[in-house]
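Asks: no FASTA, just this:
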Ligand code: PMP
């Protein structure tokens with residue numbers, strides 16, 4: 001590489017990341033690869049399900065490859081509206097609004113529901129998209145310690161702003177633990193605040209037949225609860241959604257910048273998500289199968305029983321975690337490796353995600369490889 005004065009800082013920062021074990025290379029999947037997947041978010045194993053592929057193909061043929069424009073111009077097909085209705089019905093919400101990703105749904109919803117006259121209270125363990133959303137909102141932000149309901153009470157009770165919005169993931173993406181949703185909702189109700197819950201890792205896994213943690217704890221359809229979701233994990237597609245009271249939907253249609261200025265979700269992604277929802281309705285046992293598989297992975301790796309599809313095996317040092325992940329991959333098992341800044345310093349880890357559809361042979365390989373590799377990594 002030729003030296004260039006304007007790029008020298010990139011050489012310096014890249015060298016620092018490499019020395020700290022924090023350089024990342026995308027893992028490239030190649031045709032014919034037989035690696036067992038314990039890293040993706042395709043928890044229910046639906047990404048190649050015939051119903052999902054048929055939904056994607058039919059929508060692609062009917063509407064074309066791209067949405068052709070933003071949602072308010074040409075990017076809304078009848079299929080987008082059907083998906084919004086079906087998603088809302090599935091989780092028990094009043095209405096739905098589809099975005100081009102879960103990230104865009106969070107940015108759009110939080111920025112549109114926040115604002116200078118609103119306080120936003122955000123859990124310290126929240127997803128990066130919620131953190132970025134806070135920055136976009138121009139609200140005053142209070143970050144509360146992870147799952148600390150008393151800190152939320154304090155922030156709401158001492159605010160000067162008329163409005164308030166409390167943000168949390170339902171299932172936290174790196175540790176796989178759950179938010180105290182009922183307690184948070186009680187507090188929000190008492191203090192006139194909206195509760196926004198990111199169900200990216202909850203839908204498909206928690207709740208009856210995968211209807212999510214909000215549904216499981218009895219908060220579905222509450223007008224002061226706003227759910228955001230992704231179509232890219234259990235729903236095996238791509239895209240995001242806000243599932244909420246109709247008044248929230250109307251406000252977002254009129255004001256959410258990632259809804260108004262972003263091209264609509266591609267029709268094939270819409271059709272695929274509708275196909276996945278159909279499978280979830282007809283095969284509700286898939287959600288429980290994910291949790292059973294997660295419990296098995298936790299026993300195997302000696303970590304606490306998981307409450308979601310995410311099993312986090314903390315190894316501490318980023319070099320050790322990266323080396324263990326590479327050893328697993330060399331032996332045919334793809335596991336996630338999370339290092340700072342995705343997780344706090346000193347907590348680099350293997351992040352295993354359970355899958356509802358592993359074969360017996362795949363399970364046997366996973367058992368053998370994880371047992372060996374972790375014995376080495378922990379020695
Ligand atoms: N929220 C959470 C908790 C997530 O884990 C993710 C995906 N990593 C997102 C939002 C973003 O969703 P998407 O990938 O659809 O943009």
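Replies: Yep, it's here. All of these numbers come straight from a predicted model, not from anything done at the bench. Residues are numbered from 1 along each chain as shown.

Asks: Check whether residue 121 sits in a helix, strand or coil.
Replies: strand (DSSP: H, G, I helix; E, B strand; the rest coil).

Asks: I misspoke; the intended subject was residue 204.
Replies: coil.

Asks: burial count for it?
Replies: 32 (other Cβ atoms under 10 Å). Placement of C-beta: from N, CA and C, glycine included.

Asks: Excluding chain neighbours, give the residue nearest to it in space.
Replies: residue 234 (2.2 Å; Cβ to Cβ, 6 or more residues apart in numbering).

Asks: helix/strand/coil for the one you found?
Replies: Quick answer, by three-state DSSP: residue 234 is coil.

Asks: pLDDT wise, what is it at?
Replies: Residue 234 carries a pLDDT value of 98.

Asks: again, but for residue 69
Replies: pLDDT at residue 69 comes out at 98.

Asks: do the one 3 residues further on as well
Replies: In this model, residue 72 is scored at 98, pLDDT.

Asks: Same check on the one 10 residues further on?
Replies: In the prediction, the pLDDT value recorded for residue 82 is 98.

Asks: Please name the residues that touch it.
Replies: Residues counted as contacts of residue 82 (Cβ atoms under 8 Å, 6 or more residues apart in numbering) are residue 274.

Asks: check which helix or strand covers it.
Replies: Secondary structure from DSSP states H and E places residue 82 in helix 78-91.

Asks: How about that helix and the ligand, touching?
Replies: No - judged by Cβ under 6 Å from any ligand atom, helix 78-91 and the ligand are separated, with a smallest distance of 13.3 Å.

Asks: which other helices and strands contact the next helix or strand after that helix?
Replies: Heading C-terminal from helix 78-91, the first helix or strand you meet, by DSSP H and E, is strand 95-99. Here strand 95-99 touches helix 78-91, helix 102-113, strand 240-244, helix 246-255, helix 257-260, going by 3 or more Cβ pairs under 8 Å, 6 or more residues apart in numbering; DSSP states H and E.

Asks: Most tightly packed of these?
Replies: strand 240-244 (a mean of 29; mean count of other Cβ atoms under 10 Å).

Asks: Which strands border that strand, and is each parallel or antiparallel?
Replies: Sheet pairing for strand 240-244, assigned by DSSP bridges, gives strand 95-99 (antiparallel), strand 225-230 (antiparallel).

Asks: if we can go back for a sec, for the residue nearest to residue 204, phi and psi?
Replies: Reported as degrees, to the nearest 10, the phi and psi values for residue 234 are phi -60, psi -30.

Asks: Quick one: residues contacting residue 355.
Replies: 37, 38, 42, 43, 44, 45, 290, 293, 309.

Asks: biggest separation within those residues, which pair?
Replies: 38 and 44 (14.2 Å; Cβ to Cβ).

Asks: higher neighbour count, these two?
Replies: Neighbour totals were compared for residue 38 and residue 44, and residue 44 leads with 28 against 24 (other Cβ under 10 Å).

Asks: Any chance of the backbone angles for the more buried one?
Replies: phi -90, psi 0.

Asks: which residues make contact with the helix or strand where residue 273 lies from outside it?
Replies: According to DSSP H and E, residue 273 maps onto helix 267-282. For helix 267-282, the external contacting residues (Cβ under 8 Å, 6+ apart) are 44, 46, 49, 51-60, 62-67, 77, 79-80, 82-83, 86-87, 90, 98, 204, 209-210, 231, 234-239, 286-287.
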